[in-house]
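A.B. asks: based on what follows, work out the 3D shape:
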Amino acid sequence: MTGKIVSCGIVLLDAQGRVLLAHATGTGHWDIPKGQGEPGETEAQSALREMVEETGIAIDETRLVDLGRFAYRRDKDLHLFAARALESELDLSSCVCVSMFARRHDGVMIPEMDAWRWTAPADVDQYASRSLARLFHTALSLAELHERL
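C.D. replies: Below you'll find the model as predicted:
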């Protein structure tokens, strides 16, 4: 037992191999939809729930490819799944985040994610956190994943 937090998420790729990133409200970085599991959930169920909560996109579990667990940060690992976006999931203007948190300076409840984008692998470094960018460069190649899906 590592004692690390495990965050479950989905790497959603479009037909061109671009990855779906969501902007973390109040920060300068973008991330894949992910989060901690709730009691009784499998890793896949956690990842699917987080996708719905952070984007509004509901993916059937049968579409997921289990990529396994990755070292992410000193205090956190990621259990990731991958899926290819369907035509109906490409228009990000309908995305909505229902996962809310209290803003630090005034306690107002705001969405965890406030924008979404399809990002080419070559552009991930401009948007993603250092931890996520490092993961995509070292342990999980988006180009190889694109070929695999």
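
A.B. asks: show me the shaky parts of the protein.
C.D. replies: Within the chain, the segments meeting pLDDT under 70 span 1-2.

A.B. asks: could you pull out the helices in it for me?
C.D. replies: Along the chain, counting by DSSP state H, helices occupy 43-55, 124-127, 130-138, 142-148.

A.B. asks: compute the distance from the centre of the shortest one to the centre of its chain.
C.D. replies: When you say that, I think you mean helix 124-127. Distance of helix 124-127 from its chain centroid, counting by Cα atoms, centre = their mean, to the nearest Å, is 14 Å.

A.B. asks: now the third one
C.D. replies: The gap between where helix 130-138 is centred and where its chain is centred comes out at 13 Å by Cα atoms, centre = their mean.

A.B. asks: what do you get for the longest one?
C.D. replies: On the basis of Cα atoms, centre = their mean, the separation between the geometric centre of helix 43-55 and that of its chain is 9 Å.

A.B. asks: got the CA coordinates for it in PDB?
C.D. replies: C-alpha atoms of helix 43-55 as PDB (Å, rounded to 0.1, in the frame of the first residue of the first chain):
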ATOM      1  CA  GLU A  43     -11.700   2.600 -11.200                       C
ATOM      2  CA  ALA A  44     -13.700   2.600 -14.500                       C
ATOM      3  CA  GLN A  45     -16.800   3.800 -12.700                       C
ATOM      4  CA  SER A  46     -14.900   6.600 -11.000                       C
ATOM      5  CA  ALA A  47     -13.400   7.700 -14.400                       C
ATOM      6  CA  LEU A  48     -16.700   7.600 -16.100                       C
ATOM      7  CA  ARG A  49     -18.400   9.600 -13.300                       C
ATOM      8  CA  GLU A  50     -15.700  12.200 -13.400                       C
ATOM      9  CA  MET A  51     -16.000  12.500 -17.100                       C
ATOM     10  CA  VAL A  52     -19.700  13.200 -16.800                       C
ATOM     11  CA  GLU A  53     -19.300  15.600 -13.800                       C
ATOM     12  CA  GLU A  54     -16.500  17.600 -15.500                       C
ATOM     13  CA  THR A  55     -17.600  17.600 -19.100                       C
END
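
A.B. asks: great, nothing more from me.
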